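Chemist: Quick one, structure for this:
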Amino acid sequence: MREASYTSIRLGLYEPAKGWVGADKPDAGAFRKFAAGAIAGGIGSIVGNPFDVLKTRMMAYEGSEPRGFSYFFSDVLKNQGYGGFYKGIEANVMRAMVLNATKMGVYDICKGHLKGLGFKDGMQLQFMSAFTAGFFMTCTVSPFDIMRTRLMNQPADKKIYNGFADCFTKILANEGPLAFWKGFLPIWGRFAPTTCL
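Modeler: You can find the predicted model right below:
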């Protein structure tokens, strides 16, 4: 459900968003391509946030009794109302904007650069462009992944972070700057193949 909403929108809106910001012109600079990706990613993230919250809650569940989707949906609705489905929305939207801007922007730029070096359009060119985009996505998105997960996963009755800025400040103060890139290799291991595919 998360991928069907968020990913479909962020990928599907990239081409229209390029038209909105003028990134579809042959001489469009990198900024316009990144802006188009950010717009598409932000919109997709707003639509997909409820499923992101449910996915995060289901993954973090440690109870002995198996619980399904309907249990977590009812639990969020009962204890937090509809607003509970938008926990961590600031971090999630920023993450999606950075992710999609990096993915689509770097892919387009890399593809154009490699074509200029004489590579023909095809599987090899697409693979190299996507692999490069996957690496840069990991560099830019990891901090947002860390903050988003912590914000979405905190219980309603035991608030640890008061929003995005507070989460960032506490992680930086208590764990240092490298904490934002915890799990870099597994994240890249996930992004590289999905970006290439």
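Chemist: hey, let's count contacts and neighbours off CA atoms from now on
Modeler: Will do.
Chemist: buried ones in stretch 128-137?
Modeler: For stretch 128-137, the neighbour count (16 or more other Cα atoms under 10 Å) marks 128-137 as buried.
Chemist: farthest pair in the residues you listed?
Modeler: Pairwise distances across the buried residues of stretch 128-137 peak at 14.2 Å for Met128 and Met137 (criterion: Cα to Cα).
Chemist: Secondary structure class of the residue in the chain sticking out farthest from the centre, three-state.
Modeler: Of all residues in the chain, Gly118 has its C-alpha farthest from the mean position, at 32.3 Å, by Cα atoms, centre = their mean. At Gly118 the chain is in coil, as set by DSSP: H, G, I helix; E, B strand; the rest coil.
Chemist: What's the separation between it and Cys196?
Modeler: The gap separating Gly118 from Cys196 is 21 Å, by Cα to Cα, to the nearest Å.
Chemist: And Phe144, by the same measure?
Modeler: 22 Å.
Chemist: who has more neighbours, the two?
Modeler: Phe144 (23 against 16; other Cα atoms under 10 Å).
Chemist: residues contacting that one?
Modeler: For Phe144, the contacting residues are 91-92, 94-95, 180, by Cα atoms under 8 Å, 6 or more residues apart in numbering.
Chemist: Likewise for Val76?
Modeler: Taking Cα under 8 Å, 6+ apart as the test, what Val76 contacts is 82, 84-85.
Chemist: quick one: which of those residues is nearest to Gly122?
Modeler: So of these, ranked by how close each gets to Gly122 (Cα to Cα), first place is Phe85, at 41.2 Å.
Chemist: how close does that closest one sit to Phe131?
Modeler: In this view, Phe85 and Phe131 are 33 Å apart by Cα to Cα.
Chemist: and what of Leu13?
Modeler: According to Cα to Cα, Leu13 stands 22 Å off from Phe131.
Chemist: List the buried residues for stretch 38-58?
Modeler: Across stretch 38-58, burial judged by 16+ other Cα under 10 Å covers 38-55, 57-58.
Chemist: whoops, stretch 4-18 was the one
Modeler: Buried residues in stretch 4-18, counting neighbours by 16+ other Cα under 10 Å, are found at 5-7, 9-10, 13-15, 17-18.
Chemist: same check, this time on stretch 99-119
Modeler: 99-111, 114.
Chemist: okay, that stretch in PDB with CA atoms only?
Modeler: The C-alpha trace of stretch 99-119 is given here as PDB (Å, rounded to 0.1, in the frame of the first residue of the first chain):
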ATOM      1  CA  LEU A  99      15.200  11.100  -2.100                       C
ATOM      2  CA  ASN A 100      13.300  11.800  -5.300                       C
ATOM      3  CA  ALA A 101      15.300  15.000  -6.100                       C
ATOM      4  CA  THR A 102      18.500  13.000  -5.700                       C
ATOM      5  CA  LYS A 103      17.300   9.900  -7.500                       C
ATOM      6  CA  MET A 104      15.700  11.500 -10.500                       C
ATOM      7  CA  GLY A 105      18.100  14.500 -10.700                       C
ATOM      8  CA  VAL A 106      21.300  12.500 -10.500                       C
ATOM      9  CA  TYR A 107      20.000   9.800 -12.800                       C
ATOM     10  CA  ASP A 108      19.100  12.500 -15.500                       C
ATOM     11  CA  ILE A 109      22.400  14.300 -15.100                       C
ATOM     12  CA  CYS A 110      24.600  11.200 -15.100                       C
ATOM     13  CA  LYS A 111      22.800   9.800 -18.100                       C
ATOM     14  CA  GLY A 112      23.300  13.100 -20.000                       C
ATOM     15  CA  HIS A 113      27.000  13.100 -19.000                       C
ATOM     16  CA  LEU A 114      27.600   9.500 -20.100                       C
ATOM     17  CA  LYS A 115      25.800  10.200 -23.400                       C
ATOM     18  CA  GLY A 116      28.200  13.100 -23.900                       C
ATOM     19  CA  LEU A 117      31.100  10.700 -23.400                       C
ATOM     20  CA  GLY A 118      29.800   8.500 -26.200                       C
ATOM     21  CA  PHE A 119      27.700   5.900 -24.400                       C
END
